[in-house]
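Participant: what's the 3D shape of this:
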Amino acid sequence: MALHKISDFDTNYRNTIQGNDVKGMSVYTQGTDDKIGTVSDVLVDDQGQFRYLIVDVGFWIFGKKVLLPLGRSKIDSSQDRVYTALMKQQAEDLPEYKEGTVVDYDYEEEVRGVYRPTGSSTASAPVGGAATYDRNTYNYTQDSDLYDTNTHEDQTFKLYEERLVANKQRHKTGEVAIGKHVETETARVAVPVEKERVVVERVTPSDAGKVVPDATAFRSGEVAHVEVYEEVPDIRKETFVKEEVRVKKVVDQETVETQETVRREELDVDSEGRPIVNKKERA
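Facilitator: Reported below is the predicted structural model:
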């Protein structure tokens with residue numbers, strides 16, 4: 001299965017790994033302490049395990065990058081250096097790593113073939129015979145000297161602890177619907193009205209018996225007109241504002257307390273009788 005650049009595997013790898021970023025560290029030869037190049041990147045497998053350092057060996061071969069198995073390197077974080085026993089002839093024999101190169105089993109075999117000593121054997125090799133490798137069954141433990149970092153003096157691991165993170169989520173707990181409807185009832189109102197009527201009275205005038213001229217008497221067709229009125233109730237309905245309803249929300253605050261069990265890792269040191277120097281660095 002192909003390998004991945006560390007930044008492609010974990011975009012936040014700088015916060016994931018402990019210690020200095022190996023990318024950009026200078027590479028020196030062990031013993032002679034000569035600078036041979038710079039670490040330009042790191043290749044990891046599908047589990048995030050470091051497998052190779054991509055080293056620009058420009059101090060030896062201009063413009064060439066090669067793969068350095070992690071087991072053939074020693075990382076010194078205090079000096080931002082990587083030490084290796086890589087020789088110039090090996091750098092020349094190694095396949096060149098270019099941007100976009102797919103590091104699959106065949107490519108790795110080319111790389112491993114340069115680093116493996118002639119006639120090397122592994123646990124899978126027959127007794128007295130040369131090592132045999134099968135792409136279907138190969139694993140990195142068969143080349144433990146290339147990938148095993150247990151012998152490195154500079155090893156780090158992280159201690160983790162849990163903490164409670166309090167957040168709030170807004171949930172709908174109900175709904176209040178406010179509307180209006182029309183009710184009917186029979187209303188009664190009393191209105192006093194006036195009606196006129198004609199009263200005809202026949203009385204004896206004060207000048208009864210007085211003689212009047214014939215010219216003023218016995219005239220037919222004399223009529224008296226009296227207008228008669230009455231009041232009728234005028235009832236209608238009017239609409240007016242009775243009251244106003246205002247709807248608003250208020251927020252009540254309260255503090256909710258909860259508790260959970262959290263875990264943390266503590267360091268266990270087995271010195272086996274040897275003195276231990278407890279060096280605690282703070283960022």
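Participant: in the protein, which helix or strand is least confident?
Facilitator: Using mean pLDDT, DSSP states H and E, the weakest-scoring helix or strand in the chain turns out to be helix 13-16, at a mean of 78.
Participant: in the chain, where's the longest helix?
Facilitator: Looking across the chain with DSSP state H, the single longest helix is helix 105-115.
Participant: show me where the stretch 51-200 of the chain has its strands.
Facilitator: 65-69, 73-76, 81-84 (DSSP state E, counting those that start in this stretch).
Participant: what are the pairing partners of the last one, and which direction each?
Facilitator: For strand 81-84, the paired strands and their directions (DSSP bridges) are strand 26-29 (parallel), strand 73-76 (antiparallel).
Participant: and if you look at the first one?
Facilitator: As defined by DSSP bridges, the strand partners of strand 65-69 come to strand 50-56 (antiparallel).
Participant: which residues touch the partner strand?
Facilitator: Applying Cβ atoms under 8 Å, 6 or more residues apart in numbering, the contact partners of strand 50-56 are 3, 6, 22, 27, 36-45, 64-70, 73, 82, 86, 97, 103, 111, 140, 147, 149. C-beta: built from backbone N, CA, C; applies to glycine.
Participant: ok, of the residues you listed, which come out buried?
Facilitator: 3, 6, 22, 27, 36-45, 64-70, 73, 82, 86, 97, 103, 111, 140, 147 (16 or more other Cβ atoms under 10 Å).
Participant: any buried residues in stretch 13-33, and which?
Facilitator: 13, 17, 20, 22-23, 25, 27-29.
Participant: tell me which of these is nearest to residue 178?
Facilitator: residue 13 (56.4 Å; Cβ to Cβ).
Participant: leaving out chain neighbours, which residue sits closest to the closest one?
Facilitator: residue 6 (5.1 Å; Cβ to Cβ, 6 or more residues apart in numbering).
Participant: can you check residue 37 too?
Facilitator: Nearest to residue 37 is residue 57, by Cβ to Cβ, 6+ apart, at 4.2 Å.
Participant: and the angle from the longest helix of the chain to strand 65-69?
Facilitator: 80 degrees (axes from the mean of the first three to the mean of the last three Cα atoms, to 10 degrees).
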